[in-house]
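J.: Everything below, folded, please.
(chains A and B)
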Amino acid sequence: MIQISNMCKIYEMGDNSIYALNNVSLHIAKHEFVAIVGQSGSGKSTLMNMLGCLDVPTTGNYILDGHEINKLNDNQLAEIRNNKIGFIFQGFNLLKKLSAVENVELPLIYQGIGRKERHRRSAEALELVGLGDRIYHTPNELSGGQQQRVAIARALVSNPPLILADEPTGNLDTKSGADIINTLHILHENGNTIVLITHDNHIAAQAKRIVKIQDGMIIEDKEAV
Amino acid sequence: MGFFQAFKMAMKSILGNKFRSFLTMLGVIIGVGSVITAVAFAQGSTKSITDSIQGLGSNLIQITITGRNSNRNITYKELQTFAEQNSNEISMVAPVVSSNMTLKVGSKSRSSTVIGTSGEYEYIKSRHVQTGRFVLSFDNDYMLKTAVIGTAVANDLFEGQDPIGQNMKINGQVFKVVGLLQEIASGQDTSDDDQVIIPVTVAQRLSRNGNIQNFSVQAFDATKVDKVMEILTTYLTKIYGNAEAFRVFNQAQVLSILNSTTDTLMIVLGGIAAISLVVGGIGIMNIMLVSVTERTREIGIRKAIGAKRKNIMVQFLIEAIMITGIGGVIGILLGLFCIRFIIGGFKITTPVYSPFWMTLSFGISLGVGIIFGMFPAYKAARLNPIDALRFE
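T.: Below you'll find the predicted structure:
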């Protein structure tokens, strides 16, 4: 599914080179539920950007679902993000002027899927995350937990092989956070590959495999207990 | 992503910011509206002049006497003799001595244009009487104080009574009204009906400067116009001693002068329109740049979930085009409103509705949207998704 080898991301700051990622190699198989844990500044956000095809590494290879990401241009990267990856962000990142169902439809719009089918699939996805009765509400009319569930519906509506969750519980209270983690478990049981990025060891413990990252290097890679 | 979807997104964004969108459109609205109104006015005025010139026929030649560098003046007698000598080419000659004079009937008086001419004027200028008769050659031969009056003069001085056979004073001299001219003016412009026509011989004596100021010569047919102009020029040069004392021109030349004037007017209008649309376009670019900055996060989200550069570009470009397109339509409606109720309402002139200019100005406003929307749209499309997502 994911094959990263010898990946480096170097930022030039004046005369210094800062290694946000230093020779990282990582393999994630299909249907895994992996947590990537690290303190802020550890390089986990950079890794997330790489995994999400939002950024390209300075050196090293990245193969996602058979595609060599290094060799793709801007448009092809957009297509990969559209078809292969579902994003769940800490700040939800919903469009405030659109209703829940319209937000969920967005990835399908860029896939060129027709209006009726878009609506049907989006309503189904919202149903799945337990918001079937709120599909016409705008983000402002929903609680934080509900907004994050709309974002999850958006991430899974195009049925991507990889779901990337970047601190999905960071802006939520404990109970809503637990709800979200539960939803991720359900997705995992349904056969999705999930990569969860967090700084919180308790959240990370929910995953089946925990990868610890520090100073741009992977320092630990173990099965969860 | 289809265009329909992009239109829907753009519409949503425009309606989401109604007042700002309207202010942005205002430049285009005013630009398009004023172009259409100005064109309707200019073309209307030109058309009425062109029509009246063309109504006179193509075998008419106008001679204007400036009298520069010469003390000599041509007389009506000389003109008549000249016409008779060239009767193979010239069918008619009508002299014009024109000035403003005071008309008086009883205690009522007014100032009007008094034209001294001959009977041929009636046919050359298509200026016919509705009752009575026109000035005839014997009026000139015997210097009879007869007058043919326009309807505006009749209505004012005779107040609905039949003016024929009545007396009126022109600059203190008593004239007998022998004819009433047909009404020709349209709308509020009555200057053509505010006229009195008297024999040219009488007019020359009556006015202080009794020289013939201009005269019209009608050639037998259009093919003889050039020949007649040549004869006239030779003859007049002999009389005045130089070629600068007069000007000879035919209808075709008048029309081409008029057309070049109209062209100049249109260029000026086009320039004003272009400036106002460019100003409007800068306004649109400004707002679109603000909009791109405001929506950086939205752009980031859209890119993260799979929007290509092209999608973002199209979204913002269509938004700009829609703003100018809607502005263009409103501008056309505003223009039509101004034509109907301002030009039409005050009867300034009969406006010409020009579908060509409406289409053109609408097309230009769309073009402004494309040109000035391009840069903001490009800027939006180039945003890096990571930076855009982090943007607060």
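
J.: For residue B:311, see how far away residue A:107 is.
T.: 12 Å (Cβ to Cβ, to the nearest Å). Glycine gets a C-beta too; all of them are placed from N, C-alpha and C.

J.: quick one: stretch B:342-354 to chain centroid distance?
T.: 11 Å (Cα atoms, centre = their mean, to the nearest Å).

J.: Against residue A:3, how distant is residue B:198?
T.: For residue B:198, the distance to residue A:3 - Cβ to Cβ - is 109 Å.

J.: Among residue A:107 and residue B:311, which residue is more densely surrounded?
T.: Comparing residue A:107 with residue B:311 by other Cβ atoms under 10 Å in any protein chain shown, the one with more neighbours is residue A:107, at 29 against 21.

J.: The strand or helix carrying the more buried one - contacts with which helices or strands?
T.: Secondary structure assigned from DSSP states H and E places residue A:107 in helix A:100-111. Helix A:100-111 sits against helix A:74-84, helix A:115-128, helix A:144-157, helix B:296-304, with contacts defined as 3 or more Cβ pairs under 8 Å, 6 or more residues apart in numbering or on different chains; DSSP states H and E.

J.: Quick one: closest of those helices to residue A:100.
T.: Residue A:100 sits nearest to helix A:144-157 of all these, at 4.7 Å, using Cβ to Cβ.

J.: And the closest one, what's buried?
T.: Within helix A:144-157, the residues that count as buried by 16 or more other Cβ atoms under 10 Å in any protein chain shown are A:144-157.

J.: and the residue of the stretch 201-350 of chain B found nearest chain A, how many neighbours does it have?
T.: Residue nearest to chain A within the stretch 201-350 of chain B: residue B:306 (2.4 Å; Cβ to the nearest Cβ). Burial of residue B:306 is recorded as 26 neighbouring residues (other Cβ under 10 Å).

J.: quick one: it from residue A:197, how far?
T.: 20 Å.

J.: Please enumerate the strands of the stretch 51-200 of chain B.
T.: Using DSSP state E, counting those that start in this stretch, the strands found in the stretch 51-200 of chain B span residues B:60-65, B:90-105, B:108-117, B:129-132, B:146-149, B:167-170, B:173-181, B:195-199.

J.: in its sheet, what does the second one sit against?
T.: If I follow you right, that is strand B:90-105. Strand pairing for strand B:90-105, determined by DSSP bridges: strand B:108-117 (antiparallel), strand B:167-170 (antiparallel), strand B:214-219 (antiparallel).

J.: mind putting the strands of the stretch 51-200 of chain B in JSON lines, mean neighbour count, distance to residue B:261 and mean pLDDT included?
T.: JSON lines is the format used below for the strands of the stretch 51-200 of chain B (neighbours: other Cβ atoms under 10 Å in any protein chain shown; distance: least, Cβ to Cβ, whole Å; pLDDT from 0 to 100):
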{"stretch": "strand B:60-65", "mean neighbour count": "19", "distance to residue B:261": "16", "mean pLDDT": "85"}
{"stretch": "strand B:90-105", "mean neighbour count": "20", "distance to residue B:261": "23", "mean pLDDT": "89"}
{"stretch": "strand B:108-117", "mean neighbour count": "19", "distance to residue B:261": "23", "mean pLDDT": "90"}
{"stretch": "strand B:129-132", "mean neighbour count": "15", "distance to residue B:261": "33", "mean pLDDT": "91"}
{"stretch": "strand B:146-149", "mean neighbour count": "27", "distance to residue B:261": "32", "mean pLDDT": "94"}
{"stretch": "strand B:167-170", "mean neighbour count": "18", "distance to residue B:261": "35", "mean pLDDT": "92"}
{"stretch": "strand B:173-181", "mean neighbour count": "19", "distance to residue B:261": "29", "mean pLDDT": "92"}
{"stretch": "strand B:195-199", "mean neighbour count": "26", "distance to residue B:261": "25", "mean pLDDT": "92"}
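
J.: Between helix A:115-128 and the helix or strand hosting residue A:181, find me the angle.
T.: Secondary structure assignment for residue A:181, by DSSP H and E: helix A:174-189. Helix A:174-189 runs at 120 degrees relative to helix A:115-128, counting by axes from the mean of the first three to the mean of the last three Cα atoms, to 10 degrees.

J.: Can you name the residues in contact with helix A:174-189?
T.: For helix A:174-189, contacts defined as Cβ atoms under 8 Å, 6 or more residues apart in numbering or on different chains pick out A:31, A:33, A:129-130, A:143-145, A:148-149, A:152, A:156, A:163, A:165, A:168-169, A:172, A:194, A:196, A:203, A:206.

J.: any low-confidence regions in the stretch 1-150 of chain B?
T.: Filtered on pLDDT under 70, the stretch 1-150 of chain B yields the residue ranges B:1-2, B:55-57, B:69.
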